[in-house]
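Q: next come a sequence and a model predicted from it.
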Amino acid sequence: MTTIGEPHIVKSYDSELARLDDSLARMGGLAEAQLASALDALERRDSDLAARVVGADVKVDELEAFVNEQTVRVLALRAPVADDLRTVVAALKIAGEIERIADLAANAAKRSLVLNRLPPVEPMRSLLRLGRLALGLVKEVMDAHLAHDADRALAARDRDQELDDVYASLFREILTYMMEDPRNITPCSHLMFIAKNLERIGDHATNIAELAHFRILGRSALQQRTKKDDSSLVGADPE
């Protein structure tokens, strides 16, 4: 039995597991670049850049398909156990989480194409802050996963609480602008959808952190993450 990073007698087995890590690293890098470009497109009102983000989403899809094929191949030919099995299963699940992050970044870029045809609205600055928090979280959890650092993965997971706080605050800010002036309703509605996309990216990043923790230590994170997003309660009468 080997531990993570310890070489096998069959060298090609090591190569197959290394290809999984390499593919996840490339997927994570692409998803980060997609999200960063989507935020740039929003900030600069750059429709050409937004269109490139939407078109580039297929590259992440192709890498996810490769990871899926590679995991099936390793499971069928190597029958991995213990650390190797966790590595393969975690790779399969993390690839799915990264693909969703890239999808949500592309969705944000699509809505920016519409926003660019409308007058600018004030909550955009808070939206960009939320986006940069999400981008930092994605980068941190991917670095923790690739470095096999369980403590760093859990620390990154806990940072999602800050993102939830900013999202809830932004939700209220957008509602205020919509109530103040009906002309803000259309652009602010698109901002609200983009904000939800960014909040969901934070959730997928925390899922990656928990999968990284499981892969490294062989057990789930003991404490459940506290969700602080209370935007769904806005407007409800206090009990």
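A: That came in fine, so what should we check first? Numbering: from 1, shown residues only.
Q: tell me the contacts of the nearest residue to Phe214 once chain neighbours are set aside?
A: In this structure, Phe214 finds its nearest non-sequential neighbour in Ser220, 5.7 Å apart by C-beta to C-beta, 6 or more residues apart in numbering. Placement of C-beta: from N, CA and C, glycine included. Taking C-beta atoms under 8 Å, 6 or more residues apart in numbering, we find Ser220 in contact with Glu210, His213, Phe214.
Q: helices of this protein, residue ranges please.
A: Per DSSP state H, the chain carries helices over the ranges 11-44, 47-78, 82-115, 124-146, 150-158, 160-180, 185-217.
Q: show me which residues of the last one are buried.
A: When you say that, I think you mean helix 185-217. In terms of neighbour count (16 or more other C-beta atoms under 10 Å), helix 185-217 has its buried residues at 187-188, 190-192, 194-216.
Q: Asp61: neighbouring residues, count only.
A: Residues lying near Asp61 (other C-beta atoms under 10 Å) number 13.
Q: look up how far Arg117 lies from it.
A: 28 Å (C-beta to C-beta, to the nearest Å).
Q: could I get the pLDDT score of Tyr177?
A: Predicted confidence (pLDDT) for Tyr177: 89.
Q: which one is it nearest to, not counting chain neighbours?
A: Counting by C-beta to C-beta, 6+ apart, the residue nearest Tyr177 is Asn184, at 4.7 Å.
Q: what about that neighbour, neighbour count?
A: When counting by other C-beta under 10 Å, one arrives at 20 neighbours for Asn184.
Q: pretty sure it sits against Leu118.
A: No: here Asn184 lies out of contact with Leu118, judged by C-beta atoms under 8 Å, at a distance of 9.6 Å.
Q: backbone dihedrals for Val81, please?
A: Phi and psi for Val81, reported as degrees, to the nearest 10, are phi -130, psi 170.
Q: residues near it, how many?
A: Val81, neighbours per other C-beta under 10 Å, totals 10.
Q: then Arg219?
A: 9.
Q: in contact with it, which residues?
A: Per C-beta under 8 Å, 6+ apart, neighbours of Arg219: His213.
Q: ok, it to Ala150 distance?
A: The gap separating Arg219 from Ala150 is 10 Å, by C-beta to C-beta.
Q: ok, Arg52 next?
A: Taking C-beta to C-beta, one finds Arg52 at 36 Å from Ala150.
Q: between those two, which one's more packed in?
A: Ala150 (19 against 15).
Q: what's the closest non-adjacent residue to that one?
A: In space, Ala150 is closest to Ile216, 4.3 Å off (C-beta to C-beta, 6+ apart).
Q: low pLDDT regions in the chain?
A: Along the chain, segments meeting pLDDT under 70 span 1-10, 222-239.
Q: excluding chain neighbours, what is closest to Val138?
A: Nearest to Val138 is Ala205, by C-beta to C-beta, 6+ apart, at 4.8 Å.
Q: who's in contact with the one you found?
A: Applying C-beta under 8 Å, 6+ apart to Ala205 gives the contacts Glu97, Ile101, Ala134, Leu137, Val138, Glu140, Val141, Ala156, Asp160.
Q: so which of the residues you listed would you say is closest to Asp46?
A: Distance to Asp46 across those (C-beta to C-beta) is lowest for Ala134, with 19.3 Å.
Q: kind regards, and thank you for your time.
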